[in-house]
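S.K.: here you go, sequence then predicted model.
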Amino acid sequence: DRTAGRGSVVGAHWKYLKYVLRHKWFVFLGGLRYGVPLHQLIIHDLDKFLPRMWVPYVNQFYREGAPKLRKGYYHNPDFANVAFNTAWMQHCMGNRHHWQHYAMVSESGGGPVTRPMPDRFVREMVADWSGAGMAQGFGSDPQPWYRENRDRMTLHPETRAKVELYLGFESTRPTLQEAS
């Protein structure tokens, strides 16, 4: 029966609802820790409840036979889901706490162009990583996830410096002794 029980359509939607609510709760807690404004935490990821986001996310992660999410990274090269990739891109472009919102391909053929993220969105992004880790059972410290994924992110240097400050990284600038 595809309407009840494990692997069902309703079950997939129920699992996704529980995940999104758990994620929002953990982002809320992390956001308080990182000083994200309260109203920003309340509206965090609200678009994920819209049908144009909801259905592709359920199909990507919770339908029967969906690939397992690996360490919190959304894109699985073995599963080319155009509907999900479109929803993910729309989510990133519509939500200023995603670094992708501030990166674009140069039309002149050069490398990617980035803009600095406003501080409150950098804080929300770090809280989002923390909340995703907690919701997926990987713990609340986003530093290991960032270390693993930092080279996939096209961040403005100011944004990267803020991210690494909030994550508690030691300064990456060489000291005078190291430079000589």
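M.R.: Right, received. Where do you want to start?
S.K.: least confident secondary structure element in this protein?
M.R.: helix 176-179 (a mean of 42; mean pLDDT, DSSP states H and E).
S.K.: can you check which helix is longest in the protein?
M.R.: helix 9-34 (DSSP state H).
S.K.: tell me which residues in stretch 119-128 are buried?
M.R.: R120, F121, V122, R123, E124, M125, V126, A127, D128 (16 or more other CB atoms under 10 Å). Where C-beta positions appear, they are placed from N, C-alpha and C, glycine not excepted.
S.K.: which is the succeeding secondary structure element to the longest helix of the chain?
M.R.: helix 38-43 (DSSP states H and E).
S.K.: could you list the residues in contact with whichever helix or strand comes after that following helix?
M.R.: Later in the chain than helix 38-43, the nearest helix or strand by DSSP H and E is helix 51-61. Contacts to helix 51-61, defined as CB atoms under 8 Å, 6 or more residues apart in numbering, come from residues 12-13, 16, 19, 47-48, 66, 69, 74, 79, 81, 83-84, 86-88, 90-91.
S.K.: hmm, try it at 7 Å
M.R.: A12, H13, Y16, D47, K48, A66, L69, N81, A83, F84, A87, H91 (CB atoms under 7 Å, 6 or more residues apart in numbering).
S.K.: quick one: buried ones out of those?
M.R.: Buried among the contacts of helix 51-61 (16+ other CB under 10 Å): A12, Y16, K48, A66, N81, F84, A87, H91.
S.K.: which stretches of this structure have low pLDDT?
M.R.: Low-confidence segments of the chain, defined by pLDDT under 70: 1-7, 67-80, 171-180.
S.K.: put the alpha carbons of the helix or strand hosting G131 into CSV.
M.R.: Assigned by DSSP H and E, G131 belongs to helix 119-135. Extracted as CSV, the C-alpha positions of helix 119-135 are listed here (Å, rounded to 0.1, in the frame of the first residue of the first chain):
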residue,chain,number,x,y,z
ASP,A,119,27.2,39.8,8.5
ARG,A,120,23.7,38.7,9.7
PHE,A,121,23.4,36.3,6.7
VAL,A,122,26.9,34.9,7.3
ARG,A,123,25.8,34.1,10.9
GLU,A,124,22.6,32.5,9.6
MET,A,125,24.6,30.4,7.1
VAL,A,126,26.8,29.1,9.9
ALA,A,127,23.8,28.4,12.1
ASP,A,128,22.2,26.6,9.1
TRP,A,129,25.2,24.3,8.8
SER,A,130,25.0,23.6,12.5
GLY,A,131,21.3,23.0,12.3
ALA,A,132,21.6,20.7,9.3
GLY,A,133,24.3,18.7,11.1
MET,A,134,22.2,18.3,14.2
ALA,A,135,19.1,17.4,12.2
